[in-house]
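A.B. asks: generate coordinates for the sequence data below:
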Amino acid sequence: MLTGHTDGTVAMTPVSGSTKGAVKVSGAHSKAGGGVSRVSFGHASNNNKSHFYSAGMDGSVKVWSYSGSKAKCDTTFDSVHSQSVECLHAHPVSPYIISMSRDCTWACLDVESGAVVR
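C.D. replies: Residues are numbered from 1 along each chain as shown. Below is the predicted model:
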């Protein structure tokens with residue numbers, strides 16, 4: 001289970017409730033900016049990393065890789081949106097995520113290259 005919180009924390013907890021494999025990232029997004037608005041799981045990329053994604057009330061989108069109980073921010077998309085991200089979806093087979101914002105914009109983001117495709 002993947003959750004985002006208004007204090008800026010992103011947490012991933014096994015459905016079993018066990019703490020083994022749990023990941024907690026404090027300060028994933030700015031609390032002052034409103035915290036986390038959306039989270040989504042991704043697929044394993046060409047480099048065999050597992051990913052999850054988070055979006056903030058400040059309009060930023062972040063790509064996280066994780067292994068066991070450790071997570072690392074691989075890419076931050078800071079200037080894609082000027083308002084809260086309201087929708088975040090991972091493409092089922094390609095390394096793209098789509099984000100949509102309250103500012104009425106959308107973006108296609110390449111997880112592997114860090115590029116904004118559109």
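
A.B. asks: least confident secondary structure element in the chain?
C.D. replies: strand 23-25 (a mean of 86; mean pLDDT, DSSP states H and E).

A.B. asks: buried ones in that one?
C.D. replies: Buried residues in strand 23-25, counted by 16 or more other Cβ atoms under 10 Å: 23, 25. For glycine as for every other residue, the C-beta is placed from the backbone atoms N, C-alpha and C.

A.B. asks: may I have the strands that pair with that strand, each with its orientation?
C.D. replies: strand 10-12 (antiparallel) (DSSP bridges).

A.B. asks: starting at the chain centroid, how far to the strand it pairs with?
C.D. replies: Distance of strand 10-12 from the chain centroid (Cα atoms, centre = their mean, to the nearest Å) equals 10 Å.

A.B. asks: can you list contacts of it?
C.D. replies: 1-5, 22-25, 28-29, 36, 39, 52, 54, 64, 66, 71 (Cβ atoms under 8 Å, 6 or more residues apart in numbering).

A.B. asks: which among those end up buried?
C.D. replies: Buried subset of the contacts of strand 10-12 (neighbour count, 16+ other Cβ under 10 Å): 4, 23, 25, 28-29, 36, 39, 52, 54, 64, 66, 71.

A.B. asks: now, which of those residues sits nearest C87?
C.D. replies: V39 (11.7 Å; Cβ to Cβ).

A.B. asks: what about the closest one, which SS state?
C.D. replies: Classification of V39 using DSSP: H, G, I helix; E, B strand; the rest coil returns strand.

A.B. asks: assess the claim that it and H5 are in contact.
C.D. replies: No: contact between V39 and H5 fails when scored by Cβ atoms under 8 Å: they sit 9.7 Å apart.

A.B. asks: so where is this structure shaky, pLDDT-wise?
C.D. replies: For the chain, the stretches with pLDDT under 70 are 17-21, 43-48.

A.B. asks: pretty sure T3 is in contact with S37, am I right?
C.D. replies: No: using Cβ under 8 Å, T3 is not in contact with S37; the gap is 12.0 Å.
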